[in-house]
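Asks: Fold the following and give me the result.
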Amino acid sequence: MRKPKQVSVSWYTTSQGRGAVAASTAGICRVWLPGDDLSGPEAARLPEDIRSHTAAAWLNRYFQGDVQPSELQVDISYLSLFYQQVLQLTMQIPYGSVTSYGALAVLAGRPRASRAVGGALRSNPVPIIIPCHRVVAASGALTGFSGPGGISMKKILLELEGVDMNGIKSA
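Replies: Numbering: from 1, shown residues only. Alright, predicted model coming up:
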């Protein structure tokens, strides 16, 4: 399957910096976090539409500590079925909570596939909306965040959500 064609881009600004959101006709297909290279969406010069605009507004509220869950439609149809399954399960992790790669593997019906779960999360094209930052190692260690800032950004996002960091270990 091919990546969806982006039809709109909207921008958001937070205390962490500027980001962008792209939508296809089926839903949000890409999120650029503050600190990401924004030359791609800048060069695309796509118009805003309701999907990308709504997602950008939601991200603005998220970075201000708004706890409203996302009702945004995402377009991850071009990913493998396993990756889609993992990302859909990840969307069910409640705000302010964490789970482990192994627990997601069990939910996906592949209890020995925690590394494959990590691969799916590393490929997440829609971070925060699909909250891959809420997944930690079985030991409670902060590991694996592919967004800008890596583990530091993951920690910032978890703290923003009010996660009790006493049980979370630095990698």
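
Asks: buried stuff in the longest helix along the chain?
Replies: Counting residues, the longest helix in the chain under DSSP state H turns out to be helix 50-63. Applying a neighbour-count criterion of 16 or more other Cβ atoms under 10 Å, one finds R51, S52, H53, T54, A55, A56, W58, L59, Y62, F63 buried in helix 50-63. Glycine gets a C-beta too; all of them are placed from N, C-alpha and C.

Asks: and the closest residue to the last one other than its chain neighbours, what are its phi and psi?
Replies: Put plainly, it is F63. Distance criterion Cβ to Cβ, 6 or more residues apart in numbering; nearest residue to F63, sequence neighbours excluded, is T14 at 3.6 Å. The phi and psi values for T14, taken as degrees, to the nearest 10, are phi -130, psi 180.

Asks: May I see the domains of this structure written out as residue ranges?
Replies: 8-63, 81-167 (automatic domain parsing).

Asks: End to end on the shortest one, go ahead and measure it.
Replies: It stands for domain 8-63. 22 Å (Cα to Cα, to the nearest Å).

Asks: and it, what's its mean pLDDT?
Replies: Averaging pLDDT along domain 8-63 yields 92.

Asks: What score does P4 have for pLDDT?
Replies: Per-residue confidence (pLDDT) for P4: 83.

Asks: ok, now which ones touch A44?
Replies: Q6, V9, A22 (Cβ atoms under 8 Å, 6 or more residues apart in numbering).

Asks: repeat that with 6 Å
Replies: V9 (Cβ atoms under 6 Å, 6 or more residues apart in numbering).

Asks: quick revisit: among the buried residues of helix 50-63, give me the pair with the biggest separation.
Replies: R51 and F63 (19.1 Å; Cβ to Cβ).
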